[in-house]
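# please find the sequence and the predicted model below.
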Amino acid sequence: DGIRDTSVTGVQTCDTANPQSCVAFATALQERFTKVDLLVLNAGTCHDKFSTPEVFDAKGASMTFCTNHLGNHVLVETLIPLLETSRSRVILISSNGSDWDPKRSGWHPIFGPLDFEKSWNDETKEFTTPLLSGETSWDETKSYCETKLCNILQCKRLARKHSQLTVAAVCPGLCPTTDFPMFRGFFGIIARNIMSLIPNVVNTMQEAGSVVVEACLRNDIKTGTFYNTGPDVTTPAREEMGLPCVFGEHPNNPQADDEAVQDKLYEICNTIWGR
């Protein structure tokens, strides 16, 4: 009933690419509420060097990385005391693109493992290559996929370090929106229309949203787990909407289970944040 009551509904802006904006948002949230039952970290975009003048910040971090992952880190870490006392559920939006093995992801290999020895300089405290894998050429799609792996790494570390929380990473499916360069402009319209005609390839925004809702409401969510639409488990939320889609646990990229990589990413995010 509270959700339907607009008197308890509020809107506050947050630029997830800007750590200061994330801190301000989290601080305002803590001042207004004494409990957070659910936190969904849904920001996701794909910056390209042609449409986005400032692709990288002063520390060499891409705006894709800052928007899709760094903002998640800053929000969660600022809110940790409140999240722990609330025993909150935290949902991080990821993607099948976080994996380079087509047997697990269903994708052709797009990018390689994250390599912070190549991409991060511990002395200057900045990224030295455009991609986290250490590749020296910018590629917006690879960068996007890397950030979605970062979100699963964060999910795993939060589950390991904060037992009071229930944390899950979720892939809502491929949505051909203009957040992605390949779906912009005249040819992007053609690509979106063609892909929408192919069964089981893309999700509508409604279908994708129902996957996230499922992760928010199910009682059997396991902390530290990656979920996706899959062939094993039906979804009551989707059945109610008449959507023939299913939901279940999904094998994640094995690098997401590497605790050393999890901890290094955490350290790098704190450094960029200035914490």
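Right, received. Where do you want to start?
# who does whatever helix or strand L75 lives in touch, helix- and strand-wise?
Element membership for L75, per DSSP states H and E: helix 71-86. Helix 71-86 sits against helix 19-32, strand 38-41, strand 89-93, helix 140-161, helix 259-273, with contacts defined as 3 or more Cβ pairs under 8 Å, 6 or more residues apart in numbering; DSSP states H and E. The way it works is simple: take the backbone N, C-alpha and C, and place the C-beta from them, glycine included.
# chain center to the first one, what's the gap?
What separates the centre of helix 19-32 from the centre of its chain is 19 Å, taken as Cα atoms, centre = their mean, to the nearest Å.
# tell me the angle of that helix relative to helix 259-273?
Interaxial angle of helix 19-32 relative to helix 259-273 (axes from the mean of the first three to the mean of the last three Cα atoms, to 10 degrees): 90 degrees.
# turn the helices and strands packed on helix 71-86 into a markdown table, including mean neighbour count and mean pLDDT.
Rendered in a markdown table, the data for these read as follows (neighbours: other Cβ atoms under 10 Å; pLDDT from 0 to 100):
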| stretch | mean neighbour count | mean pLDDT |
| --- | --- | --- |
| helix 19-32 | 16 | 94 |
| strand 38-41 | 18 | 96 |
| strand 89-93 | 23 | 97 |
| helix 140-161 | 24 | 94 |
| helix 259-273 | 17 | 97 |
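# looking at the ones you listed, which is nearest to P172?
Closest approach to P172 among those (Cβ to Cβ): strand 89-93, 6.5 Å.
# for the closest one, what is the distance to the chain centroid?
How far strand 89-93 lies from its chain's middle: 8 Å, per Cα atoms, centre = their mean.
# give the pairing partners of that strand; include direction for each.
Note on strand 89-93: by DSSP bridges, its sheet partners are strand 38-41 (parallel), strand 166-170 (parallel).
# dump those strands to a markdown table, plus distance to V74.
Formatted as a markdown table, the entries for these read as follows, by distance: least, Cβ to Cβ, whole Å:
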| stretch | distance to V74 |
| --- | --- |
| strand 38-41 | 11 |
| strand 166-170 | 16 |
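# ok, now how distant is D257 from R160?
The gap separating D257 from R160 is 10 Å, by Cβ to Cβ, to the nearest Å.
# ditto for E123
28 Å.
# do the same with G173
27 Å.
# swap in E267?
Going from E267 to R160 by Cβ to Cβ gives 15 Å.
# try T129
28 Å.
# do the same with V90
Separation of V90 from R160 (Cβ to Cβ): 13 Å.
# over to L79?
For L79 relative to R160 (Cβ to Cβ), the value is 18 Å.
# tally up the residues packed near L217, please.
13 (other Cβ atoms under 10 Å).
# please read the previous query as pertaining to E84.
13.
# residue contacts, the most centrally placed residue in the chain?
In the chain, the residue lying closest to the centroid (Cα atoms, centre = their mean) is I93, at 3.6 Å. By Cβ atoms under 8 Å, 6 or more residues apart in numbering, the residues touching I93 are V40, L41, N42, A43, G44, N151, A169, V170, C171, P172, V212.
# gap between it and T271?
Going from I93 to T271 by Cβ to Cβ gives 24 Å.
# for K59, same thing?
The gap separating K59 from T271 is 8 Å, by Cβ to Cβ.
# now the stretch 1-150 of the chain, which segments are flagged as low pLDDT?
1-8, 49-54, 102-110 (pLDDT under 70).
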